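In: Make a model of this:
(2 chains)
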Amino acid sequence: MNTRCHRIRNALPRGLCALLLSASYAAAAIAAPFELPPLVTPASTEHHVGKVVWVELVTPDLAATERFYGGLFGWTFREIHSGSTDYSVALLDGRPIGGLFHKAVPKDKRRQPAWLTFIAVSDVDAAKRTAVEHGAKVVFEPKTYAQRGRQVVLTDPEGASFALLASSSGDPPDFLASPGEWIWSSVHVRDPAAEATFYKALFGYDVFDVPSNDGLKHAILSSEDYARASLNAFPDNSSQRHPHWLNFVRVTDAARAAAMAVSLGGRVLVEPHVDRHGGNVAIIADPTGAPFGLMEWSDTDSKEEPK
Amino acid sequence: MSIMLQRWKVTTGGLLLLAAMYACAVTGAGYDGDGGVYVGGVYEAPGFFGGGWGPGYHVGPPRGGARDARGGGGGRAAPSIPSRGRSGGGSRH
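Out: Below is the predicted model of the structure:
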């Protein structure tokens, strides 16, 4: 009897130690700092200030969002769980092209999901100062993620949300986007002239006014002799609109992609129509309501713009 | 015997403290704003997009050749997006 008690007394501390050690290791794994993956692998020293280099969507339903974009564009996903954070990296042919972040819609606020546009800078803190001096507001202060780099979320002088990113692995090279990749961005505002001044000061853009048939002001923002985004007056003066960035995925057939988006639970916000480059564009809302664009782009586009 | 018990208590206490420290770290870290850090995206005001695009409302990049009215300098054509594919080749539009 004594021997048995002695064995139990000896084994109990060891067992408890093992249990606590396991719990500690598990907790340590969960508590490991959340790490965003690098933008470019292998890392490079290439940088393109003013280029849209990343997009990120906050969504209340990560699984449904993955099903939608995976079905529509063939994206695959690598999920990262850390503590209470659920993040998913969207991949096309193994290349990271965007991030999905799960977060419930704030209960006390009427809000809807939106893709956040990340634009490359070389120095986030210096760019933030410039932005604030020119009327921007800081939404989230600069923060560094070891593999990703340093980033800050801002709103421009009219309130359009966007982010600055100084990537620690370099910026993606200037290639033509493949179908299924982000190809273009536009920003929609009330006063394009004032906003052009802001974005020019921030990114050193060249600003090109482009002719339009709608009597509204449209401009192209370029850097390194590449068009990076368009700056557009709202289609009308409705006070309902809120200034925003909008990003476009390259597709081979916008009408077919729009139909597929609907079959996957999305909605068509703007029907496919020919844009200035000769290909169709359409605007879609994903099942959670986040708007994004579809854009055809090919070397053989020959559609005539409607008269 | 009492020395063994003492050791057991110290070891257990130490490990409990370690586990508690990690548990605290869990609630204070993360990407989702629970610890006051960056939120991985933004929620916008409902209906912020607004729609209302007519057929002439063009927002895409030019193919190249659109003449600038200001800013680009010297009457240069507005540039287009890169045309070079990952496999190489191509030129600017």
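
In: my read: A:Ile119 touches A:Phe162, true?
Out: Yes: checked against Cβ atoms under 8 Å, the pair A:Ile119 and A:Phe162 is within contact range at 6.2 Å. Glycine gets a C-beta too; all of them are placed from N, C-alpha and C.

In: what sits against A:Arg150?
Out: A:124-125, A:142-144, A:165-166, A:168 (Cβ atoms under 8 Å, 6 or more residues apart in numbering or on different chains).

In: Nearest to chain B, out of those: which one, please.
Out: A:Lys143 (4.8 Å; Cβ to the nearest Cβ).

In: Report the buried residues of whichever strand or helix holds that closest one.
Out: Here A:Lys143, judged by DSSP states H and E, is contained in strand A:137-145. Applying a neighbour-count criterion of 16 or more other Cβ atoms under 10 Å in any protein chain shown, one finds A:139-140, A:142, A:145 buried in strand A:137-145.

In: Next: stretch A:93-109.
Out: A:96-103, A:105.

In: quick check, B:Gly47 in a helix?
Out: No: B:Gly47 sits outside any helix when classified using DSSP: H, G, I helix; E, B strand; the rest coil, being coil.

In: residue boundaries of the strands in the stretch 151-300 of chain A?
Out: A:161-167, A:182-189, A:206-209, A:218-223, A:226-233, A:244-251, A:267-274, A:280-285, A:291-296 (DSSP state E, counting those that start in this stretch).

In: Out of those, the one nearest B:Ser83 is which?
Out: strand A:226-233 (9.8 Å; Cβ to Cβ).

In: same for the closest one, what does it pack against?
Out: With contacts defined as 3 or more Cβ pairs under 8 Å, 6 or more residues apart in numbering or on different chains; DSSP states H and E, strand A:226-233 has these neighbours: strand A:182-189, helix A:192-203, strand A:218-223.

In: Nearest approach to B:Ala77 belongs to which of the ones you listed?
Out: strand A:218-223 (10.2 Å).

In: Quickly run through the sheet partners of the closest one, with directions.
Out: strand A:206-209 (antiparallel), strand A:226-233 (antiparallel) (DSSP bridges).

In: hmm, back to that, columns mean neighbour count and mean pLDDT on top of the helices and strands packed on strand A:226-233, output as a markdown table?
Out: Output for these, formatted as a markdown table (neighbours: other Cβ atoms under 10 Å in any protein chain shown; pLDDT from 0 to 100):
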| stretch | mean neighbour count | mean pLDDT |
| --- | --- | --- |
| strand A:182-189 | 24 | 97 |
| helix A:192-203 | 20 | 97 |
| strand A:218-223 | 25 | 96 |
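
In: Which residues are in contact with the closest residue to A:Asp93 other than its chain neighbours?
Out: Nearest residue to A:Asp93, sequence neighbours excluded (Cβ to Cβ, 6 or more residues apart in numbering or on different chains): A:Ser178, at 7.4 Å. With contact set as Cβ under 8 Å, 6+ apart, A:Ser178 has these partners: A:92-93, A:250, B:85-86.

In: so which of the strands paired with strand A:218-223 comes closest to A:Gln112?
Out: So among these, strand A:226-233 is nearest, using Cβ to Cβ, at 20.7 Å.

In: So what pairs up with the residue sitting nearest the centre point of chain A in the strands?
Out: A centroid search over chain A (Cα atoms, centre = their mean) returns A:Val55, at 1.4 Å, as the residue closest to the centre. Counting by DSSP bridges, A:Val55 is bridged to A:Thr117.

In: sorry, back to before: and the strands paired with strand A:218-223 as TSV, adding mean pLDDT?
Out: TSV is the format used below for the strands paired with strand A:218-223 (pLDDT from 0 to 100):
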stretch	mean pLDDT
strand A:206-209	95
strand A:226-233	96
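
In: So for A:Leu62, which of the ones you listed sits nearest?
Out: strand A:226-233 (27.7 Å).

In: okay, the angle between that closest one and strand A:244-251?
Out: Following axes from the mean of the first three to the mean of the last three Cα atoms, to 10 degrees, one obtains 130 degrees for the angle between strand A:226-233 and strand A:244-251.

In: quick one: contacts of strand A:226-233?
Out: So strand A:226-233 is contacted by A:50-52, A:174, A:184-192, A:195-196, A:199, A:203, A:205, A:207, A:210, A:216-222, A:245, B:57, B:59-62, B:78-82, B:92 (Cβ under 8 Å, 6+ apart).

In: What distance do you get for B:Gln60 to chain A?
Out: Let me fix one detail, which is that residue B:60 is Gly and not Gln. 4 Å (Cβ to the nearest Cβ, to the nearest Å).

In: For that residue, I want the exact helix or strand it lies within.
Out: Short version: B:Gly60 belongs to no helix or strand, going by DSSP H and E.

In: Throw the buried residues of strand A:137-145 into TSV and include distance to A:Gly266 and pLDDT, thanks.
Out: Shown next, in TSV, are the buried residues of strand A:137-145 (distance: Cβ to Cβ, whole Å; pLDDT from 0 to 100):
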residue	distance to A:Gly266	pLDDT
A:Val139	27	89
A:Phe140	28	88
A:Pro142	34	92
A:Tyr145	30	88
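
In: ok, B:Phe49 - contacts?
Out: Here B:Phe49 is in contact with A:241, A:244, A:246, A:269, A:283, A:285, A:291 (Cβ under 8 Å, 6+ apart).

In: ok, which of these also contact chain B?
Out: A:241, A:244, A:246, A:269, A:283, A:285, A:291 (Cβ under 8 Å from any Cβ of the partner chain).

In: quick one, what contacts B:Ala45?
Out: Counted by Cβ under 8 Å, 6+ apart, B:Ala45 has contacts A:110-112, A:242.

In: do the same with A:Pro243
Out: Applying Cβ under 8 Å, 6+ apart, the residues near A:Pro243 are A:156, A:158-160, A:187-190, A:195.

In: try A:Glu181
Out: Here A:Glu181 is in contact with A:92, A:97, A:249-250 (Cβ under 8 Å, 6+ apart).

In: From chain B, how far out is it?
Out: Relative to chain B, and taking Cβ to the nearest Cβ, A:Glu181 is found at 10 Å.

In: Repeat that for A:Glu296.
Out: A:Glu296 is 9 Å from chain B, by Cβ to the nearest Cβ.

In: And for B:Gly50, the neighbour number?
Out: Neighbour count of B:Gly50, defined by other Cβ atoms under 10 Å in any protein chain shown: 18.
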